[in-house]
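[1] give me a model of this one.
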Amino acid sequence: MADEITVNLQISAKKGYLSFSEKTGNFLVTMNGTTGAGGIQTIGTSGELLGVTDVGTAGYAYFRNTSTTINVEIGTGTTSFVAFLKLKPGESAVCRLGTNAPSAKAASSTVDLQYFIFAD
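    Below is the predicted model of the structure:
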């Protein structure tokens, strides 16, 4: 099969003289694997691995910060955590992962991070 994942992107910004709008519409992505992993994980203030043991090669990922007050970062590593994505309270994001071992870290206290990672 092909085109099992549908992604729909739209972004716009307008402030002062800045005006930008982009609508890529739907694009379809082939999901080579047949597994995925995800759920809601409580993230602390140290880098910790996300549970993706059933995914051989990570592909597209969805993340949502369920907190109303605390930022969460997605990245790599645990003791030397390096962020590649920051989600403010209530924000979500979709991206293609370049790692099979993503990790996350809360800015303070703990955050419940909702995520789902599709096999590539």
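[2] Cys81 and Ser103 touch, don't they?
    In this structure residue 81 is Phe, not Cys. Yes: using C-beta atoms under 8 Å, Phe81 is in contact with Ser103, at 6.3 Å. For glycine as for every other residue, the C-beta is placed from the backbone atoms N, C-alpha and C.
[3] higher neighbour count, those two?
    Ser103 (20 against 15; other C-beta atoms under 10 Å).
[4] give me the common contacts of Phe81 and Ser103.
    Gly47, Gly75 (C-beta atoms under 8 Å, 6 or more residues apart in numbering).
[5] so what does the residue nearest in space to the middle of the chain have for phi and psi?
    Centroid-nearest residue in the chain, with C-alpha atoms, centre = their mean: Phe63, separated by 3.4 Å. In terms of degrees, to the nearest 10, the main-chain angles of Phe63 are phi -130, psi 140.
[6] contacting residues around it?
    Phe63 touches Ile74, Leu85, Leu87, Ser92, Ala93, Val94, Cys95, Leu113, Gln114, Tyr115, counting by C-beta under 8 Å, 6+ apart.
[7] and if we set it to 10 Å?
    By C-beta atoms under 10 Å, 6 or more residues apart in numbering, the contact list for Phe63 reads 38, 50, 72, 74, 85, 87, 91-95, 102, 104, 113-117.
[8] and it, bridged to which residues?
    With DSSP bridges as the criterion, Phe63 is bridged to Ala93, Tyr115.
[9] and if you look at Ile43?
    Beta-bridge partners, per DSSP bridges, of Ile43: Val111.
[10] same check on Ile5?
    Val29.
[11] how many neighbours does it have?
    Ile5, neighbours per other C-beta under 10 Å, totals 14.
[12] now Lys86: how far from Val111?
    12 Å (C-beta to C-beta, to the nearest Å).
[13] and the residue lying closest to Val52 once chain neighbours are set aside, what helix or strand is that in?
    Sequence neighbours aside, Ala37 is the residue nearest to Val52 in space, at 4.5 Å (criterion: C-beta to C-beta, 6 or more residues apart in numbering). Ala37 is part of strand 36-43, with elements assigned from DSSP states H and E.
[14] wait, Thr24 sits on Val94?
    No: applying C-beta atoms under 10 Å, one finds Thr24 not in contact with Val94, separated by 11.9 Å.
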